[in-house]
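*Asks:* coords below, sequence missing:
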């Protein structure tokens, strides 16, 4: 009887808090959905550059996906460490240092893989350089943010488990932003920032 009672208390699906759980999770997901729209604004604002270098669009999913995967991987490691006690306030700084080194290593490896893929598909040299540099920066930032985000959430009193979904959205926005900025620098175009994209979108909505 004691074991059955304990198992029911440990079961996250047990109890009368189903409505509260749905409300909490739905609110978080809706907020992330709205936040994710920023990447669409950035793409729309830089549409002319992307049209001139359409090959970048073909690699955009790979770039953003690599960032989300690497960030989620780092986030899950920290969440698991917090849950089982291997990551705590006493060793958090050391753990983050190791993750930063891991981020650099993974960035180099994935950048090489991205370069090979672009070369196999006969992508021009300038576009290949933009794609490779974007991939390096995206993966490094995703690992750094993915490792830091659960600890930051825990510090401010938010469930660190939310970081696994949040990092996907953050890296979606940052991945698009880094790719566009990198392409602008390498390909010699001007970057249109998010505030300009939002302003133009709002003006278009008002005029419409």
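*Replies:* On my side now, so go ahead. Model, not experiment: these values are computed from the prediction.
*Asks:* Show me what the strand or helix carrying residue 56 is packed against.
*Replies:* Secondary structure from DSSP states H and E places residue 56 in helix 54-84. When contacts are defined as 3 or more CB pairs under 8 Å, 6 or more residues apart in numbering; DSSP states H and E, helix 54-84 sits against helix 92-120, helix 125-156, helix 163-187. The way it works is simple: take the backbone N, C-alpha and C, and place the C-beta from them, glycine included.
*Asks:* Confidence-wise, which of those helices is weakest overall?
*Replies:* Averaged per stretch, pLDDT over the helices and strands packed on helix 54-84 is lowest on helix 163-187, reaching a mean of 87.
*Asks:* which residue is nearest the middle of this protein?
*Replies:* The residue lying closest to the centre of the chain (CA atoms, centre = their mean) is residue 171, at 2.0 Å.
*Asks:* OK, contacts around that one?
*Replies:* Counting by CB atoms under 8 Å, 6 or more residues apart in numbering, residue 171 touches 64, 67-68, 71, 138, 141-142, 145.
*Asks:* Most neighbours of all these, which one?
*Replies:* residue 67 (33 neighbours; other CB atoms under 10 Å).
*Asks:* Contact partners for that one?
*Replies:* By CB under 8 Å, 6+ apart, residue 67 lies in contact with 138-139, 141-142, 171-172, 174-175.
*Asks:* quick revisit: the spatially closest residue to the residue nearest to the centre of the chain that is not a sequence neighbour and residue 96: what is the separation?
*Replies:* In space, and not counting its chain neighbours, residue 171 is closest to residue 67: 3.8 Å by CB to CB, 6 or more residues apart in numbering. Here the criterion is CB to CB, to the nearest Å. By it, residue 67 lies 18 Å from residue 96.
*Asks:* what's the answer for residue 80, then?
*Replies:* Distance from residue 80 to residue 96, by CB to CB: 15 Å.
*Asks:* Tell me which of those two has more neighbours.
*Replies:* Using other CB under 10 Å as the criterion, residue 80 and residue 96 rank with residue 96 on top: 17 against 12.
*Asks:* So the more buried one sits against residue 147, correct?
*Replies:* Yes - between residue 96 and residue 147 a contact is recorded at 5.7 Å, counting by CB atoms under 8 Å.
*Asks:* could you say which helix or strand contains residue 26?
*Replies:* helix 18-45.
*Asks:* Off-centre distance for the helix or strand containing residue 49?
*Replies:* Residue 49 is located in helix 47-52, with elements delineated by DSSP H and E. Here the centre of helix 47-52 is set off from its chain's centre by 23 Å, with CA atoms, centre = their mean, to the nearest Å.
*Asks:* Counting by contacts, list what that helix packs against.
*Replies:* helix 163-187.
*Asks:* Not counting sequence-adjacent ones, nearest residue to residue 129?
*Replies:* residue 186 (5.3 Å).
*Asks:* no, scratch that, I was asking about residue 175
*Replies:* Closest to residue 175 by CB to CB, 6+ apart is residue 64, at 3.8 Å.
*Asks:* doesn't residue 176 make contact with the one you found?
*Replies:* Yes - counting by CB under 8 Å, residue 64 touches residue 176, with 6.4 Å between them.
*Asks:* Need the residues touching each of the two.
*Replies:* residue 39.
*Asks:* What lies in contact with the helix holding residue 49?
*Replies:* Counting by CB under 8 Å, 6+ apart, 43, 56-57, 180, 183-184, 187, 189 sit against helix 47-52.
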